[in-house]
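Asker: Coordinates for the following, if possible.
(one chain, ligands or ions: 3)
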Amino acid sequence: MNATTTKASAPAAAPQRQQQRGSYWITTFGCQMNKADSERMAGILEGMGFKPASDEHRADLVLYNTCTIRDNAEQKVYSYLGRQAQRKRANPHLTLVVAGCVAQQEGASLLRRVPELDLVMGPQHANRLDVLLTQVENGQQVVATGEHHILEDITTARRDSQVCAWVNVIYGCNERCTYCVVPSVRGAEQSRLPQAIRLEMEGLAARGFKEITLLGQNIDAYGRDLPGITPEGRRQHTLTDLLHQVHDVEGIERIRFATSHPRYFTERLIDACAELPKLCEHFHIPFQSGDDAVLKAMARGYTVERYRRILERIRHRMPDAAISADVIVAFPGETDVQFRRTLTLIEEIGFDQVNTAAYSPRPGTPAADWPDQLSEAVKVERLQELNALVERTARERSARYLGRIEQVLVEGSNPRDPSQRMGRTRTNRLTFFPASGPAKHPGGVGGRPSQPGDLVNVRIEQVRAFSLTGMPIS
Ligand code: SAH
Ligand code: SF4
Ligand code: F3S
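Answerer: Ligands and ions are numbered 1, 2, ... in the order given. The predicted model follows:
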C-alpha cells in the first residue's frame, strides 16, 4: 500500500478559543478508512490552531496513520518512525504521533520500541485527537487503544480533492477471515445512523462536493447492529435502505460504496444500484481466491459459484458495470492447481482492476500458525504471473471505451501535465483530457476551460490498462 500525505484543504469550523500552535504533517498508509480518518484528524488539528507544514522534516507535529495489513506495510512505518525519532532527539519540541492499525496492534509496546513517541492511538480514537493531544501537552506519554464507542464525526471527513469525499457508514468488522488482522485492530462493527450519514452528505454537498463514497470494511454488514424490523419482518437498516435514504441529497451527483463482501451482497442491493441514477456502475467485490477449498480455509463464507452468480446478476442489470476485486496468492497450503483456478476466474470474469497481494502472516490470526506456509519464491512467482494477467484483462476491459463518449467528473489537473484535466468515468476509470477542447468546443463546458466539479462529456481516443485519454465535447 502506498503512503499518501494529507494536506488539509479548507479550515475546519473555527473553535471559540483558537490557540496558535505550530505546523503539522500527516502521512497516511493503508486503506480508505485510514485516509478518511486522516482527513478528520487534519480537521481536528486545524481546529486546534495547527497549520499544515510544507515539509515532513520541519513540522512541529508529525502523525503517521499506519497500516498493518501485511508485514511490509508495518515495516515501512518503522523506517519512517526511525527518522523522526532521530530528529526528536535533536529537537525535543517535536510531537510524534502514531495512529491507526499498527498503533492498535502494538499499543504500549510501540513506546518501548520507539521511546520518543508522544502518542499512540488506535483508529477508534481518531475523533478524540484533540483530547489526547491535550494530555500530551500536559506532559504525558499517551496510549489510547482501548475499545471505544466511536463518537459521531465532529469534523467533516474531507479529501484532498474538493470534489469527492468519503463518508464512513460502518466502522470495524465482525468477520473472521483467517488471514486478516482488521477485526482485531478496527474492533466490532458500529453502524452510524442513516440520519447522521445523510446530514454529513448534505453538509458536503453544501460545500461543493459532488461525489460521495460510502465506506465500510464490510459495507454489506451496514445496519446489522442497529435496532429495528420492518412490517415485512426484515431488518430495517440495510445498505440498500441506506442508499434509498441518501441518494437524493441535492448537489451530490455520484454515489459509490466500498468494500462489498460476496457473502452478504444481495439482489436487492444490485436492483437498487440499477434503479438509483446517482449510484455508479462500479463494484469493488474482493473474492480473494478462485478455489472453494482455499475460500473455506480463509473462512470467507461463499463459493466461487456464488461469486459468479453475483456478477452475472450485476451484468444482467448493468451490462457495462466495472468490477474490481482483491486477491491473495500463496495462502497457506494453496496448490498450483488452486492458484490456477484464481487465474481462470480472473480471465473468465474480465476484471477492470484487481488489487493483488501475496499472503503475509499476521500476528494473532489463525492462518499465521498453520504449518503449510509457502516459500517466498512461490509467492513472488505467483504474484508476477497474476499481475501480468490482471494487467492484460484490465487492458482488454479498457478497449471497450475507445470511441465512446463518457461522462467524466473533473477532480483536478493532471499532475504530470497541467494543461490536462483529470477525472473519473462513472465506472471509475481515470481519464485525462485537455482543459480546453478544440476551438469549436472550447472546454466542452459553456466555452470556458473545465473546472473541478464539472461533469464533462469526453470522447475517448486512447486507452491504457488503467487509464484513458480523450477530448471534451459539447
Ligand atoms: N474488508 C475487505 C478488505 C480488507 S483488507 C474484504 O473483506 O475484502 C484489504 C485487502 O488486503 C483484502 O481484500 C486482502 O486481499 C488483503 N489482505 C488482507 N490480509 C492479508 C494478508 N494477511 N496477506 C495478504 N493480503 C491480505
Ligand atoms: Fe478482513 Fe475479512 Fe473483515 Fe475484510 S471481511 S476486513 S478480509 S476479516
Ligand atoms: Fe490497513 Fe488498517 Fe486499513 S490494517 S488496510 S489501514 S483497516
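
Asker: and the closest residue to ligand 3 within the stretch 101-250 of the chain, what pLDDT?
Answerer: As assessed by Cβ to the nearest ligand atom, ligand 3 sits closest to residue 101 within the stretch 101-250 of the chain, at 3.3 Å. From N, CA and C alone the C-beta is placed, and that goes for glycine too. According to the prediction, residue 101 has pLDDT 97.

Asker: Let me see the contact set for it.
Answerer: 30, 34, 66-69, 122-123, 181-182, 185-186 (Cβ atoms under 8 Å, 6 or more residues apart in numbering).

Asker: Please narrow those to those residing in strands.
Answerer: The members of the contacts of residue 101 that map onto strands under DSSP state E are residue 66.

Asker: Can I get stretch 188-203 in PDB, CA atoms only?
Answerer: Output of stretch 188-203 as PDB, limited to C-alpha atoms (Å, rounded to 0.1, in the frame of the first residue of the first chain):
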ATOM      1  CA  ALA A 188     -16.500  -4.700  16.300                       C
ATOM      2  CA  GLU A 189     -19.000  -3.300  13.800                       C
ATOM      3  CA  GLN A 190     -20.500   0.100  14.600                       C
ATOM      4  CA  SER A 191     -23.000   1.500  12.100                       C
ATOM      5  CA  ARG A 192     -23.800   5.200  12.000                       C
ATOM      6  CA  LEU A 193     -27.500   6.200  11.900                       C
ATOM      7  CA  PRO A 194     -28.900   7.000   8.500                       C
ATOM      8  CA  GLN A 195     -29.900  10.500   9.600                       C
ATOM      9  CA  ALA A 196     -26.300  11.300  10.600                       C
ATOM     10  CA  ILE A 197     -25.000   9.900   7.300                       C
ATOM     11  CA  ARG A 198     -27.500  12.000   5.400                       C
ATOM     12  CA  LEU A 199     -26.700  15.100   7.400                       C
ATOM     13  CA  GLU A 200     -23.000  14.700   6.700                       C
ATOM     14  CA  MET A 201     -23.700  14.300   3.000                       C
ATOM     15  CA  GLU A 202     -25.900  17.400   2.900                       C
ATOM     16  CA  GLY A 203     -23.100  19.300   4.600                       C
END
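
Asker: circling back: so which of the contacts of residue 101 are in helices?
Answerer: Applying DSSP state H to those, the entries found in helices are 34, 182, 185-186.

Asker: Which of those residues ranks first by neighbour count?
Answerer: Greatest neighbour count in the ones in helices among the contacts of residue 101, by other Cβ atoms under 10 Å, goes to residue 185: 26 neighbours.

Asker: Now name the helix or strand holding the residue of the stretch 101-250 of the chain closest to ligand 3.
Answerer: Taking DSSP states H and E as the definition, one finds residue 101 inside helix 100-106.

Asker: Which helix or strand lies directly C-terminal to that helix?
Answerer: helix 108-113.

Asker: if we can go back for a sec, does at least one residue of the helix holding residue 101 sit close to ligand 1?
Answerer: No - if you take Cβ under 6 Å from any ligand atom as the test, helix 100-106 misses ligand 1, and the best it gets is 10.2 Å.

Asker: Only alpha carbons, please: show that helix as CSV.
Answerer: Extracted in CSV, the C-alpha atoms of helix 100-106 (Å, rounded to 0.1, in the frame of the first residue of the first chain):
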residue,chain,number,x,y,z
GLY,A,100,-4.1,3.7,13.0
CYS,A,101,-3.8,0.0,12.9
VAL,A,102,-0.1,-0.5,13.9
ALA,A,103,-0.8,1.7,16.9
GLN,A,104,-3.8,-0.5,17.8
GLN,A,105,-1.9,-3.8,17.2
GLU,A,106,1.3,-2.8,19.1
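
Asker: near ligand 3, which residues of the chain?
Answerer: Applying Cβ under 6 Å from any ligand atom, we find that the chain lies next to ligand 3 at 30-31, 33-34, 67-69, 100-101, 181-182, 185-186.

Asker: and ligand 2, which of those contact it?
Answerer: Filtering these for proximity to ligand 2 (criterion: Cβ under 6 Å from any ligand atom) leaves residue 182.

Asker: picking up where we left off before, redo the ones in helices among the contacts of residue 101 as CSV? Include pLDDT and distance to residue 282.
Answerer: Formatted as CSV, the ones in helices among the contacts of residue 101 follow (pLDDT from 0 to 100; distance: Cβ to Cβ, whole Å):
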residue, pLDDT, distance to residue 282
34, 95, 21
182, 97, 22
185, 95, 27
186, 93, 24
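
Asker: possible to save the residues you listed as CSV with distance to residue 243?
Answerer: Shown next, in CSV, are the ones in helices among the contacts of residue 101 (distance: Cβ to Cβ, whole Å):
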residue, distance to residue 243
34, 24
182, 24
185, 28
186, 23
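
Asker: Residue 298: which of those is nearest?
Answerer: Residue 298 lies nearest to residue 182 out of the ones in helices among the contacts of residue 101, by Cβ to Cβ, at 13.3 Å.

Asker: Excluding chain neighbours, give the residue nearest to residue 182 in space.
Answerer: Leaving aside its chain neighbours, residue 182 sits nearest to residue 173 (5.2 Å; criterion: Cβ to Cβ, 6 or more residues apart in numbering).

Asker: any idea whether residue 83 is helix, strand or coil?
Answerer: Three-state call for residue 83 (DSSP: H, G, I helix; E, B strand; the rest coil): helix.

Asker: re earlier: show me how far the helix holding residue 101 is from its chain's centre.
Answerer: Distance of helix 100-106 from the chain centroid (Cα atoms, centre = their mean, to the nearest Å) equals 18 Å.
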